[in-house]
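Novice: Build me a model from this:
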Amino acid sequence: MQKPQYIYNHQSQPLNILSIGTATCRFKSILYLNNNIILPIATSIAIYDDITFNKITQFQTNQSTIYSLIHNDNFIYSIGHDGDICQLDIKTYKKVNYINHQIGSQCRWSSIEGNVLLISAEHSKNKGIIQVLNATTLEQIQFFDGCYFYGCVQNQMFYLLKSKRHGKLSKDDKGRLNYKDLKKYKNNKQYLFSLEVHNQQGLEKVLPFETEPGDILVIAQSPKYIAYFYYDRRILIYDIEKHSINIHKVEGNGVIQAACFQNDYELVFQNKNKEITIFNLQTLEKVVQQYKQGLNTLVQAIYKKQDVLVTASEENVTIYKAVHVLHKEFGGLTKCGIDFYQNDYVVSGDFLGNITINSLDTGKSIGEYFIGSSIRSIACKDDIIYIGTMEGQLYKYENEQCQQFDQIEGSITCIRVKNDDLLISTTHGLVRLYKNEKQLFTFLAHPPKEKSELFGSLNIHADIWTCIFNPEQDIFATGSEDQCVKVFDYNQKQIVELTGHKLAVTCLDWKHSQNKLILYSCSDDRTIRLYDQQYSLIKVINTFFINEWFTLTYMSVYQNLIAIGCQNGFFFLYDQEKGDFIVAQKTHMGGIEGLVMNSKYIATCSSDDCVNVIKIN
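Specialist: Numbers count the residues shown, from 1 in each chain. Purely as a prediction, here's the structure:
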């Protein structure tokens with residue numbers, strides 16, 4: 001495989017995205033303004049009133065999924081994963097400006113004071129950037145490039161966290177580390193940090209952390225303090241007025257993933273389920289507030305001011321007054337399985353067993369059904385919805401009625417429909433073909449390997465992740481964990497076995513494009529392979545220019561466009577005529593678990609419990 005060439009600032013065409021689902025709050029992404037609570041939903045923001053807690057409006061602000069919401073006296077700033085910024089009027093919520101500096105990826109933190117906006121981006125685990133912008137014009141003022149993370153502005157001073165992980169250790173650093181810590185550092189498993197303080201003229205002082213190395217996950221800022229949370233539940237508190245650092249250990253288990261200040265000196269975080277801890281940094285007293293309802297799972301974003309508390313986790317968004325739940329918006333954990341339904345709708349499933357039908361134009365739900373089993377795959381034909389579950393059940397939804405009509409070993413990973421034919425594949429290496437919903441055959445298309453040295457449990461099952469019909473002949477193809485694509489006829493005879501992928505084959509499509517019938521395969525190895533009608537390799541497309549770990553999960557082809565979804569939430573759109581990607585954006589907070597495309601729309605569903613509907617221009 002060729003060496004990856006990383007391109008941080010890949011230029012993408014703008015997308016018209018309708019995000020459907022619950023809030024996807026992470027990091028610093030909850031606002032309470034004008035008696036409204038403002039939350040992100042993938043690339044959109046939703047606005048709730050604080051009396052009825054009903055959603056007032058929702059609209060797209062960003063091209064990449066929103067990682068940070070922040071404001072000053074005049075504007076709200078919605079900042080996406082890729083560094084795109086939407087500036088909104090703080091009173092009317094009207095868009096004032098949109099700009100994509102594309103400073104990098106993983107823009108997880110922002111800080112603002114008056115007319116100065118800092119955005120922190122992490123290109124990779126070895127390279128961080130902090131951009132200083134004019135908060136009115138969004139023009140760049142300064143740029144800190146190197147190993148910088150979590151930049152804060154306060155009292156016209158910049159407080160920049162710098163990692164020493166990138167580069168050589170000094171003799172003093174080596175002397176402070178024992179052999180075990182030094183070995184971990186060399187293996188790039190831990191960070192060493194220092195805090196740089198910059199004034200308007202330049203670097204003023206450097207404050208090294210007198211602490212064991214470790215990863216910093218969360219940060220919270222007030223006018224008087226900056227709090228850094230380590231994975232091991234240490235909190236490093238920087239006192240801005242005293243220029244001093246103190247470290248506190250929080251008892252308990254698990255990682256603290258969200259924190260905020262409710263005033264200048266009271267730090268708020270979830271220490272364990274059903275509890276919120278308020279840590280007074282002046283008196284060092286801790287007050288624990290217990291909640292009988294809510295806070296059942298790990299909080300990933302938190303906002304608290306006086307008696308109002310807003311928390312977000314993977315399962316729900318909850319708004320509290322004092323310790324009482326006023327509003328709860330449940331999610332389905334993971335959306336999985338998606339298809340277009342009756343031309344005007346999109347249907348999706350989730351791991352709780354919910355089926356939801358939404359309008360493609362408005363996102364409004366027009367139907368819901370609960371089957372009680374985790375949904376893995378969906379395919380539609382006319383007025384029928386076929387549903388495959390993790391337990392191997394095959395359901396048929398028609399005329400608002402849902403019934404099981406078959407069972408197979410393994411999870412049903414893929415369902416395909418062609419005229420009267422229905423094809424399913426499973427994690428046990430099986431495929432089953434139906435004609436008019438009656439079984440024609442079931443057979444082991446991908447047997448296990450006797451002595452597998454590959455990733456996974458191939459000595460037990462060669463999971464089939466995908467299958468596809470040939471649109472012209474009575475043949476079909478399957479793609480498996482064994483890295484192979486196989487083509488069979490309706491007599492179960494294997495026509496060809498295609499090799500070349502280095503990891504599992506995750507999705508297939510078989511479409512006419514550029515006056516050819518092409519078989520497309522995508523893989524965990526981050527490549528897409530194209531084969532002609534004689535099964536000769538035409539082309540290999542790679543996605544190596546994204547400097548994050550990810551795999552390709554789903555793919556769909558329409559004419560000259562290839563749409564691809566990824567495990568890390570990235571969405572790619574490749575133009576075969578141009579021979580290049582026209583879109584490369586992180587559009588979901590979680591992994592993409594389903595993708596379909598037709599002449600008008602592309603729809604994706606994700607583990608962030610959202611469906612994105614993209615209108616094709």
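Novice: Please count neighbours and contacts with C-alpha atoms only from this point.
Specialist: OK.
Novice: Helix or strand for the nearest residue to Ala227 once chain neighbours are set aside, just tell me which one.
Specialist: The shortest distance from Ala227 to any non-neighbouring residue, by CA to CA, 6 or more residues apart in numbering, is to Ile237 (4.6 Å). Secondary structure assignment for Ile237, by DSSP states H and E: strand 234-239.
Novice: How far away from the center of its chain is that strand?
Specialist: 29 Å (CA atoms, centre = their mean, to the nearest Å).
Novice: thinking again about what came up before, from what I can see the residue nearest to Ala227 touches Lys224, true?
Specialist: No: here Ile237 does not reach Lys224: they are 10.2 Å apart, not a contact under CA atoms under 8 Å.
Novice: More neighbours: these two, which one.
Specialist: Ile237 (20 against 16; other CA atoms under 10 Å).
Novice: give the contact list for that one.
Specialist: For Ile237, the contacting residues are 225-228, 245-248, by CA atoms under 8 Å, 6 or more residues apart in numbering.
Novice: Counting neighbours, which bits of stretch 589-599 end up buried?
Specialist: 589-597 (16 or more other CA atoms under 10 Å).
Novice: Just the residues you listed: which are in strands?
Specialist: Applying DSSP state E to those, the entries found in strands are 592-597.
Novice: what's the residue nearest to Ser480 when sequence neighbours are not counted in contact with, if anything?
Specialist: Ranked by CA to CA, 6+ apart and with sequence neighbours excluded, the top spatial neighbour of Ser480 is Ile464, at 4.2 Å. By CA under 8 Å, 6+ apart, Ile464 lies in contact with 413, 425-430, 446, 478-481.
Novice: For the residues you listed, which two are the farthest from each other?
Specialist: Farthest pair in the contacts of Ile464 (CA to CA) is Thr413 and His446. Separation: 14.0 Å.
Novice: which one of the contacts of Ile464 is nearest Glu368?
Specialist: For the contacts of Ile464, the nearest to Glu368 is Thr413 (21.8 Å; CA to CA).
Novice: Helix, strand, or coil at that closest one?
Specialist: strand (DSSP: H, G, I helix; E, B strand; the rest coil).
Novice: residues near it, how many?
Specialist: Thr413: 25 surrounding residues under other CA under 10 Å.
Novice: now swap in the one 5 residues further on and tell me
Specialist: The number of residues packed around Lys418, counting by other CA under 10 Å, is 14.
Novice: Low-confidence ranges, the stretch 251-400 of the chain, go.
Specialist: Flagging of the stretch 251-400 of the chain using pLDDT under 70 yields the residue ranges 294, 296, 314-315, 323, 325-332.
Novice: remind me which residues of the stretch 101-250 of the chain are low pLDDT?
Specialist: For the stretch 101-250 of the chain, the stretches with pLDDT under 70 are 101-105, 123-126, 164-192, 209-214.
Novice: now the strands for it?
Specialist: Assigned by DSSP state E, counting those that start in this stretch, the strands in the stretch 101-250 of the chain fall at 109-113, 116-124, 127-134, 140-146, 148-154, 157-163, 193-199, 202-208, 216-221, 225-230, 234-239, 244-249.
Novice: what's the most buried one of these?
Specialist: Of all these, strand 148-154 carries the top mean neighbour count, a mean of 25, counting by mean count of other CA atoms under 10 Å.
Novice: Just want the angle from it to strand 116-124.
Specialist: Strand 148-154 runs at 170 degrees relative to strand 116-124, counting by axes from the mean of the first three to the mean of the last three CA atoms, to 10 degrees.
Novice: A helix includes Asn253, no?
Specialist: No: secondary structure of Asn253 (three-state DSSP): coil, not part of a helix.
Novice: if we can go back for a sec, in its sheet, what does the strand holding Ile237 sit against?
Specialist: In the sheet, strand 234-239 lines up against strand 225-230 (antiparallel), strand 244-249 (antiparallel) (DSSP bridges).
Novice: From the rest of the structure, what touches the last one?
Specialist: Right, the one you point to is strand 244-249. Residues from elsewhere that reach strand 244-249 (CA under 8 Å, 6+ apart): 209, 233-239.
Novice: if we go to 7 Å?
Specialist: If you take CA atoms under 7 Å, 6 or more residues apart in numbering as the criterion, strand 244-249 is touched by 233-239.
Novice: for stretch 39-59, same thing?
Specialist: 19, 21-25, 29-31, 35-38, 60-66, 327, 587-589.
Novice: Kindly write the PyMOL command that selects the buried subset of these.
Specialist: Burial among the contacts of stretch 39-59 is assessed by 16+ other CA under 10 Å; the matching PyMOL selection reads:
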select buried, resi 19+21+22+23+24+25+29+30+31+36+37+38+60+61+62+63+64+65+66+327+587+588+589
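Novice: before we move on, back to that, go through the strands paired with strand 234-239 and name the closest to Asn547.
Specialist: Minimum separation from Asn547 across the strands paired with strand 234-239 (CA to CA) falls at strand 225-230, 24.1 Å.
Novice: before we move on, which element is Leu333 in?
Specialist: Here Leu333 is assigned to no helix or strand, by DSSP H and E.
Novice: cool, and the one 5 residues further on?
Specialist: When elements are assigned from DSSP H and E, Ile338 belongs to strand 335-341.
Novice: That strand: partners in the sheet, and parallel or antiparallel?
Specialist: As assigned by DSSP bridges, strand 335-341 forms pairs with strand 345-350 (antiparallel).
Novice: now the strand it pairs with against strand 592-597, angle please.
Specialist: Using the same axes, to 10 degrees: strand 345-350 against strand 592-597 is 160 degrees.
Novice: Before I go, just wanted to say thanks for your time.
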